[in-house]
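Chemist: Fold the following for me, if possible:
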Amino acid sequence: MKYSYSDWNGKSGTIPVFWDNDNFVDSGWYRHPDKTHGFSTEDQNYKIYGDNLGVYIPETLDPIFEKAFDFFDLKELVFSLSMYDPGMILPWHKDNYPTYRKNKQVADPESVVRIMVFLEDAKPGHQLWIEDKFCFGKAGSWYSWQGRKKHMACNVGEQRRYVLQLTGLV
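Modeler: Residues are numbered from 1 along each chain as shown. Coordinates of the predicted model:
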């Protein structure tokens, strides 16, 4: 069954876990060099969070994660992975999707859908907020929004946090 919505804001669910830790833990993680990473946040956040602002991305992407496309009725799907060391944060922000919009020739960011899938069970301190909703769950849990919704993610826990990020169009 594919999840299908005309408006992806505030939707959530679960997909089967078809991956294991070997598919992402040793992916050659490195700190994303662009701390703005295609999003807009308040200027003060760069000063407040300093070196803790940002996320790690992998050198290699295991194609097994393309299986996630089978569960979502979206076009032009792509995926990426993110890893947060303890203390890392992407403060409240809105995504601009510059790379996706350029590659897929999308003019309006409001037509873009973002889905975050937990690769492991949420651990204490692993956080994802979409507007006023705190999102947590077991591996395979997913949460979505459409367009430039305000959200944040961080790891104020003691163990690394790994997520699968899907981006597509209705």
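
Chemist: What ranges in this structure fall below the confidence cut-off?
Modeler: For the chain, the stretches with pLDDT under 70 are 34-40.

Chemist: Which parts of it are helices?
Modeler: All helices of the chain, identified by DSSP state H, fall at 43-49, 98-104.

Chemist: Mind listing what's buried along the first one?
Modeler: Meaning helix 43-49. For helix 43-49, a neighbour-count test (16 or more other C-beta atoms under 10 Å) marks 45, 49 as buried. Every residue, glycine included, has its C-beta placed from N, CA and C.

Chemist: Could you do the last one as well?
Modeler: Of the residues in helix 98-104, 100, 101, 104 count as buried by neighbour count, 16+ other C-beta under 10 Å.

Chemist: Go ahead and name everything in contact with it.
Modeler: Residues from elsewhere that reach helix 98-104 (C-beta atoms under 8 Å, 6 or more residues apart in numbering): 38, 76, 78, 106, 107, 109, 112, 167, 169.

Chemist: Once you drop chain neighbours, what's closest to the third one?
Modeler: Closest residue to residue 78 in three dimensions, ignoring its sequence neighbours and counting by C-beta to C-beta, 6 or more residues apart in numbering: residue 167, at 5.3 Å.
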